[in-house]
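Undergrad: For reference, the sequence and a predicted model appear below.
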Amino acid sequence: MSLALKRLRIAIITRNFATHGGGAERYAVAVAEQLAARHEVHVFAQAIEHDDARMSYHRLSSMRKPRWLNQLLFARNVARLTRTGFDIVHSHENGWAGQVQTVHVRPMRHNLLPPASPRARRAVQWLKIATSLRLMTYLRLEAARFRCPGRAIGVVSQTLRDEMAASYPASQDCLHIIPPGVIVPEHPPSKEEALQALGLPQDAFLLLFVANDFRRKGLDTLLEALEHLHPMPPHLIVVGHSAHLAEYQARSRAMGLDDRVHFLGQQQDMQPVYAAADVLVHPTREDTFGMVVLEAMAQGLPVVVSRAPYCGLSADLDEHEAVLLHDPASKDELGAALHALLNDETRRAALAQAGRKVAARYDWAQVAQAYERLYVELLEARA
């Protein structure tokens with residue numbers, strides 16, 4: 001069977017199908033868009049903010065709380081709806097539906113039951129799990145998608161592959177590293193246009209932080225470092241939809257940073273934000289890949305980012321391509337790195353140029369082709 005001869009009917013499963021979510025959501029949308037150019041694509045999701053005439057959308061009902069029950073009901077419903085009628089079912093969510101899985105985040109089992117943890121601690125954790133319907137449900141849904149053989153599991157980085165293999169050893173033969181791609185803009189807005197559109201100061205040096213989970217991605221450390229950057233202190237743009245937004249706005253005011261920190265919330269179009277900024281800062285404490293880093297590089301921004309294993313992408317970067325932080329929780333290390341960049345325009349230009357070359361190595365068309373090869377392998381094995 002050849003992809004050139006067969007148009008596949010593909011079901012894409014993800015709870016949130018939108019480009020302005022996190023990296024996992026943008027990954028699912030980008031792959032679906034690539035596949036829709038050659039195949040019949042059906043999207044099954046609870047939230048859909050996307051309009052592409054080449055795709056068919058199937059909106060499923062959702063429950064706000066409890067989240068674990070919503071996840072279980074979604075898994076059950078999509079399994080029923082995609083049981084027949086599709087050549088390939090490709091899931092980005094925990095559950096038992098789908099011959100092809102894409103895993104974007106560290107397994108819950110890895111967090112709850114670290115492979116190297118002492119036996120006594122594991123026993124305590126198992127007791128905690130056994131007495132929690134929420135944790136038990138999440139773990140059962142997670143384990144259901146990692147059963148091999150007969151499945152292919154895409155993971156976004158080597159870091160995540162190692163964690164997956166340690167948490168679910170039986171899945172090792174099914175794991176394939178398929179990192180995300182990136183789109184390099186042809187005609188981005190000018191810096192002046194972007195600053196005016198976003199209402200940002202025209203003459204400030206602007207750091208950029210992008211995340212929905214402010215704590216896990218290191219905004220605490222960044223604010224502490226920013227507090228001590230003098231003279232000519234930079235401003236900070238904070239983008240993202242976080243449940244802790246009000247808390248961080250209050251903290252910024254308490255630190256005397258309210259006139260230098262600009263909370264823009266969630267942005268539908270990130271290009272003006274990247275065009276306005278001078279440096280992306282991503283002191284993440286846990287990121288299986290770090291799509292925002294790759295996107296910033298594609299937009300020509302120098303980046304400061306946690307090194308691996310804190311950020312999966314960093315395993316493929318060196319000091320000529322990014323400023324790599326040894327300890328993302330250290331405000332002193334981050335402050336020193338930012339101070340050095342503020343005073344070295346040549347270094348910033350070199351990082352920006354190297355970053356563009358890094359981004360050129362990641363292409364969404366190649367990502368989709370990698371999945372198509374997995375589809376064909378599975379279909380041929382099934383024939």
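TA: Yep, that arrived.
Undergrad: How much space separates Glu321 from Gly154?
TA: Counting by CB to CB, to the nearest Å, the gap from Glu321 to Gly154 is 25 Å. For the C-beta atoms, the positions are set from N, CA and C on the backbone; glycine is no exception.
Undergrad: my bad, should have said Asp287
TA: Asp287 is 17 Å from Gly154, by CB to CB.
Undergrad: Comparing these two, which residue is more hemmed in?
TA: Asp287 (32 against 25; other CB atoms under 10 Å).
Undergrad: what's the neighbour count on the closest residue to Ser157 other than its chain neighbours?
TA: Nearest non-adjacent residue to Ser157, counting by CB to CB, 6 or more residues apart in numbering: Gly312, 3.0 Å away. As a burial measure, Gly312 scores 28 neighbours (other CB under 10 Å).
Undergrad: Kindly report the same for Asn77.
TA: 17.
Undergrad: tell me the contacts of Arg26?
TA: Neighbouring residues of Arg26 by CB atoms under 8 Å, 6 or more residues apart in numbering: Thr19, Pro180, Met291.
Undergrad: surely the first one meets Asp51?
TA: So the one you mean is Thr19. No: the criterion here is CB atoms under 8 Å, and Thr19 misses it with Asp51 at 10.9 Å.
Undergrad: Could you check which of these two is surrounded by more residues?
TA: Thr19 (15 against 7).
Undergrad: What separates the first and last residues of stretch 7-22, distance-wise?
TA: Chord length of stretch 7-22, first to last residue, is 30 Å (CA to CA, to the nearest Å).
Undergrad: Of all the residues in that stretch, which ones are buried?
TA: The neighbour-count check on stretch 7-22 (16 or more other CB atoms under 10 Å) flags 8, 10-18, 20-22 as buried.
Undergrad: okay, Thr19: pLDDT?
TA: Per-residue pLDDT puts Thr19 at 84.
Undergrad: What of Met270?
TA: On the pLDDT scale, Met270 gets 91.
Undergrad: Give the burial count for Lys191, as a bare number.
TA: 16.
Undergrad: actually Ala75, not the one I wrote
TA: 23.
Undergrad: which residues sit against the longest helix along the chain?
TA: Longest helix in the chain, counting residues (DSSP state H): helix 364-382. Residues outside helix 364-382 that contact it (CB under 8 Å, 6+ apart): 1-3, 8, 10, 30-31, 33-35, 38, 87-88, 90, 99-100, 150-152, 154, 176, 178-183.
Undergrad: same check, this time on stretch 251-265
TA: Contacts of stretch 251-265 (CB under 8 Å, 6+ apart): 198, 200, 204, 223, 226-227, 233-241, 245, 248-249, 273.
Undergrad: That one: how far from the chain's middle?
TA: 25 Å (CA atoms, centre = their mean, to the nearest Å).
Undergrad: Same check on stretch 270-277?
TA: 18 Å.
Undergrad: right, and Thr14 touches Glu25 too?
TA: Yes: at 7.0 Å, Thr14 counts as touching Glu25 under the criterion of CB under 8 Å.
Undergrad: Looking at the buried residues of stretch 7-22, spot the one nearest Asp213.
TA: Checking these against Asp213 by CB to CB gives Gly22 as the nearest, at 8.3 Å.
Undergrad: Quick check: the gap between the closest one and Leu378.
TA: 27 Å.
Undergrad: re the thing from before, go ahead and confirm the residue nearest to Ser157 touches Thr284.
TA: No: taking contacts as CB under 8 Å, Gly312 lies outside contact range of Thr284: 9.9 Å.
Undergrad: anything in contact with each of these two?
TA: Gly290.
Undergrad: Can you show me the helices along the protein?
TA: Under DSSP H, the chain gives helices at 23-36, 67-81, 108-112, 119-130, 133-145, 158-167, 191-198, 219-227, 245-254, 271-276, 291-298, 331-342, 345-359, 364-382.
Undergrad: how about the CA coordinates for the first one, as CSV?
TA: It refers to helix 23-36. What follows is helix 23-36, C-alpha atoms only, in CSV (Å, rounded to 0.1, in the frame of the first residue of the first chain):
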residue,chain,number,x,y,z
GLY,A,23,2.4,23.6,22.7
ALA,A,24,0.4,20.4,22.7
GLU,A,25,-2.6,22.1,21.2
ARG,A,26,-0.6,23.9,18.6
TYR,A,27,1.1,20.6,17.7
ALA,A,28,-2.2,18.8,17.2
VAL,A,29,-3.6,21.5,15.0
ALA,A,30,-0.4,21.9,12.9
VAL,A,31,-0.2,18.1,12.2
ALA,A,32,-4.0,18.0,11.3
GLU,A,33,-3.5,20.9,8.9
GLN,A,34,-0.7,19.1,7.1
LEU,A,35,-2.6,15.8,6.9
ALA,A,36,-5.8,17.6,5.6
